[in-house]
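Chemist: what's the 3D shape of this:
(one chain, ligands or ions: 2)
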Amino acid sequence: MAEVRTIGSLPVPNVQALAGTCNGSDEQIPERYIRTEATCEEVISNYHGDMAIPIIDLNKLLSPQSSEEECVKLRSACQYWGFFQLINHGVPEEVIENFRSNIIEFFSLPLDAKKEYSQLPNSLEGYGQTFVFSEDQKLDWGDMLYLQVHPTDSRDLRFWPTHPASFRQSLDQYSSETKSLSLCLFEFLAKAVGAEPESLLGIFEEQPRGMRMNYYPPCRQSDKVIGLSPHTDVVGLTLLLQVNDVQGLQIKRDGKWFSVDALSGAFIVNIGDTLEILSNGKFKSVEHRAMIHPNKERISTALFHYPRDDLLLSPLPEFVKDGKVNYRSISYNDFMMQFFNQKRDGRNRLERLKLEQ
Ligand SMILES: O=C(O)CCC(=O)C(=O)O
Ligand SMILES: [Fe+2]
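Modeler: Residues are numbered from 1 along each chain as shown. Ligands and ions are numbered 1, 2, ... in the order given. Below is the predicted model:
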């Protein structure tokens, strides 16, 4: 991760403050936030059955009677959707609730108090906005707080809020309670395609994890803005939590956007670019975006799981049983540099590595 931290993002306005001044329907939204594509693409909502994001039950994965059947569902979810909702995940409700209420309280602090934790010019961590590459780039209708949470000695406490007073503790608890869950998921993902569980653990166990807390203010003209631009996650796996039960996540499938109806208490898990390559394309890193509510704020968190940074990113032999390698190799650091030097065109980044079949 060392190189990544040296790359700077261009400064842009705080969106929560901006929303406070131009949220009236007749007020002008600054041009850089107006997204014409938001209205012209088809969005599917209220769908059911095969058209809904699969629900995976961790209890069923763990129980010998049902494990095999649930593994088949897991494999198909990761292959066709790149996303699933995880229930019975075992992370104590109290841990999630404390973390949730602390995040809500943090984002409701006055701007000056939050700015004590502002991103520095050459750092990704802290309170601010998502990465901005150029002066003419369209901007997202959202703010965020990004923190490196693991390993514990990599934490930069300058960016860890001390208000609310229990924030650091609740974040620490959330991070440690989700750690074994994530390892368990990596094991089942390997098993689901007949690979040794250690194949993915060797790459992700004890490796960096980063927590992004996303804050999306309401916007009366919500159909004109986008909370988080379409992207794929560059990492291995992401654990998403809807913090305040306001929906807004959409994922792309067959050229259409599907609204995700997040189950209360479930995690939404998604495959990132790194795992798509490692799995030789057996799992898909799928484009997703966050949309805005006209009169309610929305808060979500994403816990990103990074691989070892000395990794030569290429399909793992155990995932290439038929002998056909689908992606070119690239060092993980080069792959990350591409991510930070180019627009967040995740699918293109992956397409460039695909080998002709
Ligand atoms: O807000 C959401 O639901 C999605 C967040 C997300 O995709 C991300 O932080 O990478
Ligand atoms: Fe994402």
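
Chemist: how far away is residue 245 from ligand 1?
Modeler: Residue 245 sits at a distance of 12 Å from ligand 1 (criterion: CB to the nearest ligand atom, to the nearest Å). C-betas here are computed from N, CA, C, even on glycine.

Chemist: check contacts around the residue lying closest to residue 325 once chain neighbours are set aside.
Modeler: Using CB to CB, 6 or more residues apart in numbering and skipping residues adjacent in sequence, the residue nearest residue 325 is residue 315, 5.3 Å away. The neighbours of residue 315, taking CB atoms under 8 Å, 6 or more residues apart in numbering as the test, are 277-281, 325-327.

Chemist: and this structure, which of its residues are near ligand 1?
Modeler: 212, 214, 228, 233, 240, 249, 288, 290, 300, 302 (CB under 6 Å from any ligand atom).

Chemist: if we go to 8 Å?
Modeler: Residues of the chain found near ligand 1 (CB under 8 Å from any ligand atom) are 142, 144, 212, 214, 216, 227-228, 231, 233, 238, 240, 242, 248-249, 260, 262, 268, 270, 288-290, 298, 300-302, 304.

Chemist: those residues in strands, which ones?
Modeler: Among the residues of the chain next to ligand 1, the residues falling in strands (DSSP state E) are 144, 212, 214, 216, 228, 231, 238, 240, 242, 249, 268, 270, 288-290, 298, 300-302, 304.

Chemist: of those, select the buried ones using a ChimeraX command.
Modeler: Command for ChimeraX, covering only those of these found buried under the criterion 16 or more other CB atoms under 10 Å:
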select :144,212,214,216,228,231,238,240,242,249,268,270,288,289,290,298,300,301,302,304
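
Chemist: which of the three states applies to residue 113?
Modeler: helix (DSSP: H, G, I helix; E, B strand; the rest coil).

Chemist: let's have the chain start at 78 instead
Modeler: In the new numbering, first residue 78, that becomes residue 190.

Chemist: that one: neighbour count?
Modeler: 13 (other CB atoms under 10 Å).

Chemist: find the nearest non-adjacent residue to it, please.
Modeler: Closest residue in space to residue 190, ignoring its immediate chain neighbours: residue 240 at 6.6 Å, by CB to CB, 6+ apart.

Chemist: tell me which helix or strand the residue nearest to residue 402 sits in.
Modeler: When elements are defined using DSSP states H and E, residue 392 is found to belong to no helix and no strand.

Chemist: mean confidence score for whichever strand or helix holds residue 425?
Modeler: In the assignment (DSSP H and E), residue 425 maps to helix 423-428. Helix 423-428 comes out with an average pLDDT of 76.

Chemist: next one: stretch 181-190
Modeler: 97.

Chemist: list the contacts of that stretch.
Modeler: Under the contact criterion CB under 8 Å, 6+ apart, stretch 181-190 has outside partners 91, 93-94, 191, 220, 222, 238, 240-241, 244, 290, 292, 320-321, 374, 376.

Chemist: from these, which single one is nearest residue 163?
Modeler: Nearest to residue 163 among the contacts of stretch 181-190: residue 320, at 16.3 Å, using CB to CB.

Chemist: let me see the contact set for the closest one.
Modeler: With contact taken as CB under 8 Å, 6+ apart, residue 320 is in contact with 177, 180-181, 290, 376-378.

Chemist: tabulate these in a markdown table, adding columns for distance to residue 333.
Modeler: Formatted as a markdown table, those follow (distance: CB to CB, whole Å):
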| residue | distance to residue 333 |
| --- | --- |
| 177 | 31 |
| 180 | 31 |
| 181 | 32 |
| 290 | 29 |
| 376 | 26 |
| 377 | 22 |
| 378 | 26 |
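
Chemist: from those, pick the one nearest residue 409.
Modeler: residue 378 (24.0 Å).
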